[in-house]
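Asks: Dropping a prediction and its sequence here:
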Amino acid sequence: MERVPTIPLHECQKARQARDARFDGRFYIAVKTTGVFCRPICPANLPKEENVTYFFDKAQALKAGYRPCLRCRPDSAPNSWAWKGVETTFLRAVKLIEQGELQLYSLNDLSQRLGISDRYLRHLFQRYLGMPPKQYALYHQLMFAKQLLHSSSMSVTDIAFASGFTSVRRFNDAFKQVMRLTPTQVRKQEYVIRNNKNYIDLAFKGPLDWEYMLQFYRLRSIEGLEYVSDKIYQRNFVINGASGTFIIYPIRAGVLRVEFELSDHFQLRALVNQLRRMFDLDSDILTIENALQRLTPKLIKRSGIRIPGVWDTWEAGLRAILGQQVSVKAAITQLNLLVHELRSEKVTQFPTPQEVSQADLSFLRMPESRKQTLLSFAEYMQEYPEGQCDKWLDIKGIGPWTVNYAKLRGTSEANCFLQGDLVVKKVLMQFPELNSESVSPWGSYATFHCWSHV
């Protein structure tokens, strides 16, 4: 554990001996006698301490020659918090690579996007992970493939392409070389295509108040684009040029199932990353709630409230502008009017910035100044689609509440406390000890718990 020692050795030892679920995804246990690495919650017999090595990243265990356990499936563990506190550039690189950046672009392209040289990028990966970026990318491709083999209904061929491989042969060779198993040996036969639907299961840890999340989405849904029942959330989407539909719902504790249609399976990895962010599946909810309860015990009425995100910052920003100084019902009425006016035939995706910027918004029932803000925002997003939300403050009509709401739901930022929100202000009369400083770094969760009191 010589790299990024975020958890002391003695804590790792106690956690694995207790099979402590709070540490799931924060480190991995490699057993020298079996050549296998596991999650700390693995139900297998506990190995002796002298036979154990600890890693903070799955890729490190693979590089050391260990193969993933078929019982506890470390490929399905929630994302690790191992890199908290290290260099921002490295964190951005890891995130982009895990999203498949090196399957689309070269290492030099990635380095330029990060504003550094490819030599320095390799230095960062060697320093923190002990391996080159391309090797890290390959290991994550294989771990994603293993996850699909275990928990999806896709064929091996479709899994190969969805994992970013250009041929099934190359996929089989790489999988066998690193995992020391063939894909068909890993495949579980209970995952078969039913009713010609593809699906994948997404694991998470800690409680998830699915009823609250669906209620939140239902009040804010766009007719035709989204559908929310008492059990499922369904949405049409476009991701990196690929169109599709997904339905998501819980099947057992700690697992959500996603049924999906996707025009290009190469974008499945991006879709999974998007859904994990959108439904906040990688947060350590128990740690967050314990921190908020220590601050004010009566804040948490419902355990398991997570951030119900929207598809992207563009949609979040548009929702926020329409929601300025009006009720949720009034804002969603206007949003539905906008979407259906611009998508009159069939709502298969959210309107694009280009469509909004070129539209005559006279049909919207709102002040002319707000319509102009919508147009200015759409023009800005056309020019800077990946721009930081804080830059929106330069647009007339956009203030801190709008920016923070967009960060809260569009990027699922953990520390956005909407202290100026009208509902939050009312709730703060019950909890005067809450403010942006006291709830940090969990301001977003404090916001949603405040909203749950109304």
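Replies: Sure, I can see it. Residues are numbered from 1 along each chain as shown.
Asks: Count residues in the vicinity of the closest residue to Ile307 other than its chain neighbours, would you?
Replies: In this structure, Ile307 finds its nearest non-sequential neighbour in Asp280, 4.4 Å apart by CB to CB, 6 or more residues apart in numbering. The way it works is simple: take the backbone N, C-alpha and C, and place the C-beta from them, glycine included. Residues near Asp280, counting by other CB atoms under 10 Å, number 21.
Asks: next SSE after the longest helix anywhere in the chain?
Replies: Taking DSSP state H as the criterion, the chain has its longest helix at helix 133-151. Heading C-terminal from helix 133-151, the first helix or strand you meet, by DSSP states H and E, is helix 156-162.
Asks: The helix or strand following that following helix - contacts with which helices or strands?
Replies: Using DSSP H and E, the helix or strand that follows helix 156-162 in sequence is helix 168-179. Packing partners of helix 168-179 (3 or more CB pairs under 8 Å, 6 or more residues apart in numbering; DSSP states H and E): strand 67-68, helix 133-151, helix 156-162, helix 183-186.
Asks: Make a markdown table from these and add mean neighbour count to it.
Replies: Below are these laid out as a markdown table (neighbours: other CB atoms under 10 Å):
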| stretch | mean neighbour count |
| --- | --- |
| strand 67-68 | 23 |
| helix 133-151 | 22 |
| helix 156-162 | 20 |
| helix 183-186 | 16 |
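Asks: Of these, which is nearest Asn240?
Replies: Taking CB to CB, helix 156-162 is the member of the helices and strands packed on helix 168-179 nearest to Asn240, at 13.1 Å.
Asks: Touching, the residue nearest to Ile307 and Arg306? I think so.
Replies: Yes - look at Asp280 against Arg306 with CB atoms under 8 Å: they come within range, at 3.7 Å.
Asks: Name the residues of whatever helix or strand Thr53 lives in that are buried.
Replies: Assigned by DSSP H and E, Thr53 belongs to strand 52-55. Residues of strand 52-55 classed as buried: 52, 54-55 (neighbour count, 16 or more other CB atoms under 10 Å).
Asks: Regarding the closest residue to Val52 other than its chain neighbours, what is its secondary structure?
Replies: Take Val52 and drop its neighbours on the chain: the residue closest to it by CB to CB, 6+ apart is Ile29, 5.8 Å away. Of the three states, Ile29 takes strand according to DSSP: H, G, I helix; E, B strand; the rest coil.
Asks: now swap in Ile200 and tell me
Replies: Applying three-state DSSP: Ile200 is strand.
Asks: Give me the neighbour count for it.
Replies: Neighbour count for Ile200, taken as other CB under 10 Å: 23.
Asks: mind listing what the closest residue in space to it that isn't next to it in sequence touches?
Replies: In this structure, Ile200 finds its nearest non-sequential neighbour in Ser152, 4.0 Å apart by CB to CB, 6+ apart. Contact partners of Ser152, counting by CB atoms under 8 Å, 6 or more residues apart in numbering, are 159, 191, 198-201.
Asks: Just put these in JSON lines and tack on pLDDT and distance to Glu226.
Replies: Putting these into JSON lines (pLDDT from 0 to 100; distance: CB to CB, whole Å) gives the following:
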{"residue": "Ile159", "pLDDT": "91", "distance to Glu226": "28"}
{"residue": "Tyr191", "pLDDT": "47", "distance to Glu226": "27"}
{"residue": "Asn198", "pLDDT": "86", "distance to Glu226": "20"}
{"residue": "Tyr199", "pLDDT": "89", "distance to Glu226": "19"}
{"residue": "Ile200", "pLDDT": "89", "distance to Glu226": "20"}
{"residue": "Asp201", "pLDDT": "89", "distance to Glu226": "22"}
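Asks: which among those gets closest to Asp109?
Replies: The closest of the contacts of Ser152 to Asp109 turns out to be Ile159 (CB to CB; 26.1 Å).
Asks: Not counting its neighbours along the chain, what's nearest that closest one?
Replies: Distances taken as CB to CB, 6+ apart put Leu148 closest to Ile159, at 4.6 Å, once the chain neighbours are dropped.
Asks: Strands along the stretch 251-400 of the chain, start to end?
Replies: 255-262 (DSSP state E, counting those that start in this stretch).
Asks: Surely the residue nearest to Ile159 and Phe165 touch.
Replies: No - look at Leu148 against Phe165 with CB under 8 Å: they stay out of range, at 11.9 Å.
Asks: sorry, back to before: give the next helix or strand downstream of the strand holding Thr53.
Replies: The helix or strand immediately downstream of strand 52-55 is helix 58-63, counting by DSSP H and E.
Asks: So which elements touch that next one?
Replies: strand 28-31, strand 67-68, helix 133-151.
Asks: Kindly format the C-alpha coordinates of the last one as PDB.
Replies: As requested, C-alpha coordinates have been extracted for helix 133-151 and formatted as PDB (Å, rounded to 0.1, in the frame of the first residue of the first chain):
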ATOM      1  CA  PRO A 133      -2.100   5.600 -18.600                       C
ATOM      2  CA  LYS A 134      -2.800   3.100 -21.500                       C
ATOM      3  CA  GLN A 135      -2.300   0.100 -19.300                       C
ATOM      4  CA  TYR A 136      -4.700   1.700 -16.700                       C
ATOM      5  CA  ALA A 137      -7.200   2.200 -19.600                       C
ATOM      6  CA  LEU A 138      -6.900  -1.400 -20.700                       C
ATOM      7  CA  TYR A 139      -7.500  -2.700 -17.200                       C
ATOM      8  CA  HIS A 140     -10.600  -0.600 -16.800                       C
ATOM      9  CA  GLN A 141     -11.900  -1.800 -20.200                       C
ATOM     10  CA  LEU A 142     -11.400  -5.400 -18.900                       C
ATOM     11  CA  MET A 143     -13.000  -4.800 -15.600                       C
ATOM     12  CA  PHE A 144     -16.000  -3.200 -17.300                       C
ATOM     13  CA  ALA A 145     -16.200  -6.200 -19.600                       C
ATOM     14  CA  LYS A 146     -16.100  -8.500 -16.600                       C
ATOM     15  CA  GLN A 147     -18.900  -6.500 -15.000                       C
ATOM     16  CA  LEU A 148     -21.000  -6.900 -18.200                       C
ATOM     17  CA  LEU A 149     -20.300 -10.700 -18.300                       C
ATOM     18  CA  HIS A 150     -21.500 -11.100 -14.800                       C
ATOM     19  CA  SER A 151     -24.500  -8.700 -14.700                       C
END
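Asks: That helix to helix 168-179, inter-axis angle?
Replies: Angle between the axes of helix 133-151 and helix 168-179 is 100 degrees (criterion: axes from the mean of the first three to the mean of the last three CA atoms, to 10 degrees).
Asks: Distance from helix 133-151 to the middle of the chain?
Replies: Helix 133-151 sits 17 Å away from the centroid of its parent chain (CA atoms, centre = their mean, to the nearest Å).
Asks: between that helix and strand 255-262, how big is the angle?
Replies: 100 degrees.
Asks: quick one: average confidence on helix 133-151?
Replies: If you average the pLDDT over helix 133-151, you get 89.
Asks: Perfect, I'm done here.
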